[in-house]
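K.L.:
I would like the atomic coordinates for the input below:
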Amino acid sequence: MKRITYICTLIIIYLICSARGCMEDPETVAKREEEFIINLKDSVKHVFMSDSVPDPLLKAYEITAAEKLCDFADYLKIISDTTLDLRFRQQAVELVKDLFVSSEIELYTWSSIYPVTGLNTLELLLSHSLADGMSCWVLPVQINVRTPFSRESDSTFTGTLSFYQNCISFNNPDTSENLSEMILIDTYIIKRLKSFGKEQIRVWEVYLGNIN
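P.N.:
Next comes the predicted model:
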């Protein structure tokens, strides 16, 4: 947590220095900006490339996982709405895939609310929603941490979120159907290779998993 505070402090210092920069020569400003970028890059690497994840950061990742679950619902709403431009909906499909740990995700419980049966995998749900749309969209509510993140291996932490569903009709958005059954979704923190400009580094990233 101290390291994250340090990064934020660096950014504030950079903004102050940038504001001052208009009164200084360009070479001095450029040198200071270069030093700032180097320091910030090293700090980010220290946090997100470290071998261990401190408890405060695990709590932050739990919040991120909940946000990604909401993002999943938002993207599905876009994909399922046939009144929107197809290219926009196709882009939302790609954004959904980036949220999950793999493309072979099972989400029978999530899909059981839809009037269409058999959409038991992420691929099937996305394909049908894009091609034919849906009559309703699903909103996750009362999202809570069911199982806190714990280390599974040197490069993986696993956890579980719980939530309930609201089913909202596209034709009548003022009405919704509240489902009482609690649903669980697997969550992951995985250290994977990511591209940052020309450089590739291994960083911790949050992903969603099966919805049970």
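
K.L.:
so where do the helices sit in this structure?
P.N.:
For the chain, the helices defined by DSSP state H occupy 2-20, 26-48, 55-80, 86-99, 108-111, 122-132.

K.L.:
name the nearest residue to the residue nearest the centre of the chain, ignoring sequence neighbours.
P.N.:
Centroid-nearest residue in the chain: Lys68, 3.5 Å away (criterion: Cα atoms, centre = their mean). Nearest residue to Lys68 in three dimensions, chain neighbours excluded: Leu99, at 5.1 Å (Cβ to Cβ, 6 or more residues apart in numbering). For every residue, glycine as well, the C-beta is placed using N, CA and C.

K.L.:
now do the contacts for the one you found.
P.N.:
Lys68, Asp71, Phe72, Tyr75, Tyr207, Leu208 (Cβ atoms under 8 Å, 6 or more residues apart in numbering).

K.L.:
how about these in a markdown table, adding distance to Val141?
P.N.:
Converted to a markdown table, these look like this (distance: Cβ to Cβ, whole Å):
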| residue | distance to Val141 |
| --- | --- |
| Lys68 | 16 |
| Asp71 | 15 |
| Phe72 | 14 |
| Tyr75 | 17 |
| Tyr207 | 22 |
| Leu208 | 17 |
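
K.L.:
now for the residues you listed: which two are most distant?
P.N.:
Tyr75 and Tyr207 (14.7 Å; Cβ to Cβ).

K.L.:
list the contacts of stretch 123-134.
P.N.:
By Cβ under 8 Å, 6+ apart, stretch 123-134 touches 76, 79-82, 89-90, 93, 96-97, 103-104, 107, 110-111, 114, 116, 118-119, 170.

K.L.:
now the longest strand seen in the chain against helix 55-80, angle please.
P.N.:
When the chain is parsed with DSSP state E, its longest strand is strand 136-153. With axes from the mean of the first three to the mean of the last three Cα atoms, to 10 degrees as the basis, strand 136-153 and helix 55-80 are set at 150 degrees to each other.
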